[in-house]
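Student: I'd like to go over a predicted model; first the sequence, then the structure.
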Amino acid sequence: MLVSVQLAPSLLAADFARLADEAAAVSEAADWLHVDVMDGHFVPNLTIGLPVVEALHKHASLPLDCHLMIEDPDRWAPGYAEAGARNVTIHAEAAGAPVRTLRAIRAAGARAGLGLNPGTAVESYADLLPEVDMLLLMTVEPGFGGQHFLDLVLPKIRRARELIGRREGSVWLQVDGGVTAQTIGRCAEAGADMFVAGTAVFGSGDPAAAVTDLRTLAAAASHPAPRPE
Ligand code: DX5
Ligand code: ZN
């Protein structure tokens, strides 16, 4: 059985003055480029906005996975889809009208993602799942790269997998934050199938090799060997 594992290196850990080169370094190995949009309000950090996403869309070959850690995503999210992002994730904690916004993202031609912080229960959003193409479970408090993975999210990954249903279904289950060679197996075993990694990829000497190694570890843990009789 082929297990679907997708890797999305986060440009937050890349050299912002050389984004096109950093994107090219993982273009053969990865599935997506994860772009962390932060507004200094929803999270205490300020990063990339729409003009940079538009520029990346022109110069990067991988599809863009835009993770909006911003207030008022209802206002801004459709613009990221119109700028060419293939997936746009909004945060449940910030959205005022998530159904309308998720539909607007889809109508603009992108996949629609819903992100949950570590302390946000997934059960509260079960009714939104038909509007969602990807559920993002933060495995750190959002805002910064290089933080330690929060094991307390693992039971929620399992519960989310049960709510979503089988792997290879239409809703992808993404984890983001502290995903490394040490932690990716736990996420995959719990049911995640799309993995964001910043420091573990761009903080390594060979980003493409790091992506390939992470994929191998995730696939192995998604697909445990049968127990001996
Ligand atoms: C954090 C961002 C992450 C971040 C992950 O708020 O959403 O995408 O880049 O970085 P690492 O993999 O270093 O934890
Ligand atoms: Zn992110």
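Tutor: Cool, got the structure. Ligands and ions are numbered 1, 2, ... in the order given.
Student: drop to CA atoms for contacts and neighbour counts, all remaining ones
Tutor: Noted.
Student: what does this protein put close to ligand 1?
Tutor: For the chain, the residues in contact with ligand 1 (Cα under 6 Å from any ligand atom) are 10, 12, 36, 142-147, 176-179, 197-199.
Student: mind listing which of these are in helices?
Tutor: For the residues of the chain next to ligand 1, the ones inside helices are Thr199, with DSSP state H as the criterion.
Student: quick one, which of the residues of the chain next to ligand 1 are buried?
Tutor: 10, 12, 36, 142-146, 176-179, 197-199 (16 or more other Cα atoms under 10 Å).
Student: which among those gets closest to Glu123?
Tutor: Taking Cα to Cα as the measure, Glu123 lies nearest Asp176 of those, at 19.0 Å.
Student: picking up where we left off before, return the subset of the buried ones among the residues of the chain next to ligand 1 lying in strands.
Tutor: Cross-referencing these against strands under DSSP state E gives 36, 176, 197.
Student: not counting sequence-adjacent ones, nearest residue to Pro207?
Tutor: Excluding the flanking residues, the one nearest Pro207 by Cα to Cα, 6 or more residues apart in numbering is Val201, at 4.8 Å.
Student: how about the one you found, what does it touch?
Tutor: 9-10, 13, 207-208, 210-211 (Cα atoms under 8 Å, 6 or more residues apart in numbering).
Student: one more time with 7 Å
Tutor: Contacts for Val201 (Cα atoms under 7 Å, 6 or more residues apart in numbering) come out as 9, 207, 210-211.
Student: one more: Pro44?
Tutor: Under the criterion of Cα under 7 Å, 6+ apart, the contact partners of Pro44 comprise Gly143.
Student: what's the answer for Ala104, then?
Tutor: Shown here is Ala104, whose contacts under the criterion Cα under 7 Å, 6+ apart are Pro78.
Student: quick check, nearest of the ones in strands among the buried ones among the residues of the chain next to ligand 1 to ligand 1?
Tutor: Taking Cα to the nearest ligand atom as the measure, Ala197 is the one of those closest to ligand 1, at 3.8 Å.
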